[in-house]
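Asks: sequence first, then the predicted structure, then my questions.
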Amino acid sequence: MKKRILLTSFDIWLKDQQSNSDDDLLLEVTKLDLIPHDLSFLRQLPVDVQLASTQVIEQINAIKPDYIICCGQAASRTQLSVEAGASCGESILHTEVDLEKLVAGIAAIQISHDCGKFVCENLYYSVLDYLSQKQLRARCIFVHVPVLNQENLSEILANFVLIINKLALS
């Protein structure tokens, strides 16, 4: 049975920004025909915690995914980073996905414990909190994407597809 996977990305947020690497990556994934999973895309979320969280939760309720992969840009990083968790005040929530197993054998992906203090962490926290409160079986991860260019795009895309495939097999 095909796994249903929801993938999200953010819209641009800086005036001089041409695109957002997380959205660019999801655009590349939409062009692939070889992924044997039921992928749903919620691209270009507003860079507003409340609006983005509401849209993602509505989509979770509508499609009932097995997995949610939220993506955000991390311009200071050079490889994909899978976030272990997110915090809100003193509360910290961790993904229920075994990240060590997920990234095993993929050298160019790191597990991060710093989701940042921008909309990325707040969205991740909101989704993890919602899944926990509603006791849904869906599992969520957050992937930070470095700025993409011609030199790194193929490797980052290949590693992201590995994440999708490994999640679907878990």
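Replies: Cool, the structure landed.
Asks: number of nearby residues for the closest residue to Tyr125 other than its chain neighbours?
Replies: Ranked by Cβ to Cβ, 6 or more residues apart in numbering and with sequence neighbours excluded, the top spatial neighbour of Tyr125 is Ala86, at 3.8 Å. C-beta coordinates here come from the backbone N, C-alpha and C atoms, glycine included. Ala86 has 25 neighbouring residues, counting by other Cβ atoms under 10 Å.
Asks: immediately after the helix or strand harbouring Ala86, which helix or strand?
Replies: Element membership for Ala86, per DSSP states H and E: strand 85-88. Next helix or strand after strand 85-88 toward the C-terminus (DSSP H and E): strand 91-94.
Asks: which residue is nearest the middle of this structure?
Replies: When Cα atoms, centre = their mean is applied to the chain, the residue found nearest the centroid is Cys70 (2.4 Å).
Asks: and after the helix or strand where that one lies, which helix or strand comes next?
Replies: For Cys70, the host element (DSSP H and E) is strand 67-73. The helix or strand immediately downstream of strand 67-73 is strand 80-83, counting by DSSP H and E.
Asks: quick one: contacts of that following strand?
Replies: Taking contacts as Cβ atoms under 8 Å, 6 or more residues apart in numbering, the residues outside strand 80-83 that touch it are 74, 95, 99, 102-103, 108-115, 120-121, 124, 141-146, 156, 159-160, 163.
Asks: now do the longest helix seen in the chain against strand 67-73, angle only.
Replies: For the chain, the helix with the greatest residue count under DSSP state H is helix 153-169. Orientation check (axes from the mean of the first three to the mean of the last three Cα atoms, to 10 degrees): helix 153-169 against strand 67-73 gives 160 degrees.
Asks: what pLDDT, on average, does helix 153-169 get?
Replies: Mean pLDDT, helix 153-169: 94.
Asks: just stretch 63-77 next, same as before
Replies: Across stretch 63-77, the average pLDDT comes to 95.
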